[in-house]
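**Student:** Got a sequence here, can you build the structure:
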Amino acid sequence: MDNLSPAERSETMARVHSKNSRPEMTVRRLTHTMGYRYRLHRKELPGKPDLVFPSRRKVIFVHGCFWHGHDCRRGARTPKTNRDYWQAKIGRNKARDEKSRTSLSAAQWDVLTIWECEIKEPSVLKRRITRFLNRAAISPG
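**Tutor:** Just a heads-up that it's a prediction; the model follows:
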């Protein structure tokens with residue numbers, strides 16, 4: 001992206017979506033083939049989780065490593081241009097994620113975050129999702 005004009009960069013950024021991303025679709029397909037059914041992007045829940053399992057009171061967020069500041073190689077990189085902007089933006093994303101997670105936990109929802117880099121190992125991801133969804137829910141107060 002270093003040699004892009006402002007117009008080209010804007011066009012590239014416009015193609016980045018918050019819903020139905022490739023990592024999210026991968027997790028959705030995997031979860032569905034495992035036999036779990038879910039709702040998508042419930043607006044009434046903090047952070048609009050990607051997958052919502054209402055009867056289990058569980059939600060899954062699928063986060064892009066770069067956009068949400070994961071500590072993996074991809075998430076730890078900082079763009080060479082406009083560094084201050086990107087560091088602030090990713091910082092705000094992380095703060096918003098934490099606030100959503102805290103609010104959901106306070107409302108007795110279990111939260112699982114799946115990072116983009118974790119979808120490369122489907123068998124590991126499958127075990128993680130199964131453990132999360134089959135574990136007893138948070139007990140009220």
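**Student:** pretty sure Glu8 belongs to a strand, no?
**Tutor:** No. Glu8 is assigned helix when assessed by DSSP: H, G, I helix; E, B strand; the rest coil, not a strand.
**Student:** Give me the neighbour count for it.
**Tutor:** 11 (other CB atoms under 10 Å). From N, CA and C alone the C-beta is placed, and that goes for glycine too.
**Student:** That one and Asn134: what is the separation?
**Tutor:** Using CB to CB, to the nearest Å, Glu8 is found at 47 Å from Asn134.
**Student:** same deal with Asp71?
**Tutor:** Taking CB to CB, one finds Asp71 at 27 Å from Asn134.
**Student:** Equivalent analysis for Pro46, please.
**Tutor:** Computed as CB to CB, the Pro46 to Asn134 distance reads 24 Å.
**Student:** Which one's more surrounded, the two?
**Tutor:** Comparing Pro46 with Asn134 by other CB under 10 Å, the one with more neighbours is Pro46, at 19 against 10.
**Student:** Which parts of this structure are helices?
**Tutor:** 6-14, 22-33, 73-76, 83-106, 122-134 (DSSP state H).
**Student:** Now tabulate those in JSON lines and tack on mean pLDDT and distance to Val62.
**Tutor:** Below are the helices of the chain laid out as JSON lines (pLDDT from 0 to 100; distance: least, CB to CB, whole Å):
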{"stretch": "helix 6-14", "mean pLDDT": "67", "distance to Val62": "20"}
{"stretch": "helix 22-33", "mean pLDDT": "96", "distance to Val62": "4"}
{"stretch": "helix 73-76", "mean pLDDT": "85", "distance to Val62": "14"}
{"stretch": "helix 83-106", "mean pLDDT": "95", "distance to Val62": "12"}
{"stretch": "helix 122-134", "mean pLDDT": "96", "distance to Val62": "10"}
